[in-house]
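Got a sequence here, can you model it:
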Amino acid sequence: MPKKIRELKKLLLKAGFTYRQGKGSHQVWNHSQLIQPIAIA
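Numbering: from 1, shown residues only. Now for the predicted structure:
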């Protein structure tokens, strides 16, 4: 079963990701060790 979005956000923060606003309902998450950001809709 897929995780709820709030659970995913907690996991991303715990893993060292930072959040920045995306367009509309999208959220963009960055990590210092990744080249490309992750977008969550």
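
burial count for the closest residue to residue 17 other than its chain neighbours?
Distance criterion C-beta to C-beta, 6 or more residues apart in numbering; nearest residue to residue 17, sequence neighbours excluded, is residue 29 at 4.4 Å. For the C-beta atoms, the positions are set from N, CA and C on the backbone; glycine is no exception. Residue 29 is flanked by 19 other residues according to other C-beta atoms under 10 Å.

Whichever helix or strand residue 29 is part of pairs with which strands?
Assessed by DSSP states H and E, residue 29 sits inside strand 27-30. Strand 27-30 has the following strand partners under DSSP bridges: strand 18-21 (antiparallel), strand 38-40 (antiparallel).

Including mean neighbour count, could the ones you listed go into a markdown table?
Below are these laid out as a markdown table (neighbours: other C-beta atoms under 10 Å):
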| stretch | mean neighbour count |
| --- | --- |
| strand 18-21 | 10 |
| strand 38-40 | 12 |
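
how about those, which one is nearest residue 4?
Ranking the strands paired with strand 27-30 by their distance to residue 4 (criterion: C-beta to C-beta) puts strand 38-40 first, at 12.0 Å.

My read is that the residue nearest to residue 17 contacts residue 36, right?
No: between residue 29 and residue 36 there is no contact, the gap being 10.7 Å when judged by C-beta atoms under 8 Å.

quick one, what contacts the residue nearest to residue 17?
For residue 29, the contact set (C-beta atoms under 8 Å, 6 or more residues apart in numbering) comprises 12, 17, 18, 19, 20, 37, 38, 39, 40.

dump the residue contacts of the nearest residue to the last one once chain neighbours are set aside.
Ranked by C-beta to C-beta, 6+ apart and with sequence neighbours excluded, the top spatial neighbour of residue 40 is residue 27, at 4.8 Å. Contact partners of residue 27, counting by C-beta under 8 Å, 6+ apart, are 19, 21, 39, 40, 41.

Now flag whichever of these is closest to residue 3.
residue 40 (11.3 Å).

And the pLDDT at that closest one?
Confidence at residue 40, expressed as pLDDT, is 88.

And it, how far from residue 33?
Distance from residue 40 to residue 33, counting by C-beta to C-beta, to the nearest Å: 18 Å.
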